[in-house]
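**Q** Here's my sequence, what's the structure:
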Amino acid sequence: MEFYNYTHVIAYVNQFGAYAPLVFFLLFVIQAMLPVFPYVILAAAGGFLFGFQQGILLAWSGALSGASLAYWICRWFGIGSFLNKYYLRYGYDEHKLSPGTAFWTIIIARVIPVVPTPLINVAAALGGVSFPTFLLASAIGKIPAAVLYTGLGLALFQAQDVKTILFIIAAGISIMILARYAAGQWRRQKLN
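**A** Below is the predicted model:
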């Protein structure tokens with residue numbers, strides 16, 4: 001299955017008929033745990049197949065479920081207890097972790113698509129971030145990506161002329177630059 005092609009994703013998901021939303025949801029769960037195919041292609045296909053609102057809901061809930069599952073897999077396998085001796089060796093104390101700092105760090109890492117999703121999931125689980133903090137921050141942080149990629153991908157794949165496509169791409173790049181600038185300003189304020 002070629003998940004790097006928008007039309008192949010649509011054809012693949014469509015073959016499941018009434019179970020297509022469930023399959024689409026599960027693809028997002030897999031993508032959040034192991035990003036073996038692009039989020040934007042899946043989100044665009046979801047917008048095309050299920051409409052903008054249901055596409056966002058499936059993309060957001062599937063990605064959030066996958067992130068939560070990855071978090072708990074790290075916790076269940078006891079990787080955290082294995083790393084505790086290294087944490088102590090280098091002076092890291094997860095009990096001194098500020099929930100507020102962890103919360104905003106996860107949101108910023110999710111909104112600005114630079115840090116891979118699995119790395120955020122594993123770092124939160126192994127770093128001692130509580131699950132409620134992780135879940136709420138991830139839920140909030142995944143909303144912009146679900147909305148942007150579902151809408152942007154849907155508009156991009158349905159656009160008929162080059163002018164519209166270039167406008168959509170420019171708008172997406174502008175939004176990412178503004179998000180990066182806002183994150184930098186917030187970080188500078190926290191450091192001062």
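
**Q** Give the residue spans of this structure that score low on pLDDT.
**A** 1-4, 78-97, 153, 156-166, 168-169, 172, 187, 190-192 (pLDDT under 70).

**Q** What are the boundaries of the helices in it?
**A** Under the criterion DSSP state H, helices of the chain are mapped to 6-14, 20-33, 39-50, 52-76, 79-89, 99-111, 117-126, 131-158, 162-191.

**Q** Buried residues of the shortest one, list them for me.
**A** With burial defined by 16 or more other Cβ atoms under 10 Å, the residues of helix 6-14 counted as buried are 6, 9-10, 12-13. For the C-beta atoms, the positions are set from N, CA and C on the backbone; glycine is no exception.

**Q** now could you export just the CA positions of stretch 36-56 as PDB?
**A** Coordinates of each C-alpha in stretch 36-56 appear next as PDB, following Å, rounded to 0.1, in the frame of the first residue of the first chain:
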ATOM      1  CA  VAL A  36       5.600   5.500   8.600                       C
ATOM      2  CA  PHE A  37       3.400   7.600   6.400                       C
ATOM      3  CA  PRO A  38       2.800  11.400   6.300                       C
ATOM      4  CA  TYR A  39       0.200  12.900   8.600                       C
ATOM      5  CA  VAL A  40      -0.700  15.600   6.000                       C
ATOM      6  CA  ILE A  41      -1.600  12.900   3.400                       C
ATOM      7  CA  LEU A  42      -3.900  11.100   5.800                       C
ATOM      8  CA  ALA A  43      -5.500  14.300   7.100                       C
ATOM      9  CA  ALA A  44      -6.200  15.500   3.500                       C
ATOM     10  CA  ALA A  45      -7.700  12.100   2.600                       C
ATOM     11  CA  GLY A  46      -9.800  12.300   5.700                       C
ATOM     12  CA  GLY A  47     -11.200  15.700   4.800                       C
ATOM     13  CA  PHE A  48     -12.000  14.500   1.300                       C
ATOM     14  CA  LEU A  49     -13.600  11.200   2.400                       C
ATOM     15  CA  PHE A  50     -15.500  12.300   5.500                       C
ATOM     16  CA  GLY A  51     -15.800  16.000   5.200                       C
ATOM     17  CA  PHE A  52     -13.900  18.700   7.000                       C
ATOM     18  CA  GLN A  53     -15.400  18.300  10.500                       C
ATOM     19  CA  GLN A  54     -15.500  14.500  10.700                       C
ATOM     20  CA  GLY A  55     -12.000  14.400   9.100                       C
ATOM     21  CA  ILE A  56     -10.700  16.700  11.800                       C
END
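
**Q** And it, what's buried?
**A** Within stretch 36-56, the residues that qualify as buried are 37-50, 55-56, counting by 16+ other Cβ under 10 Å.
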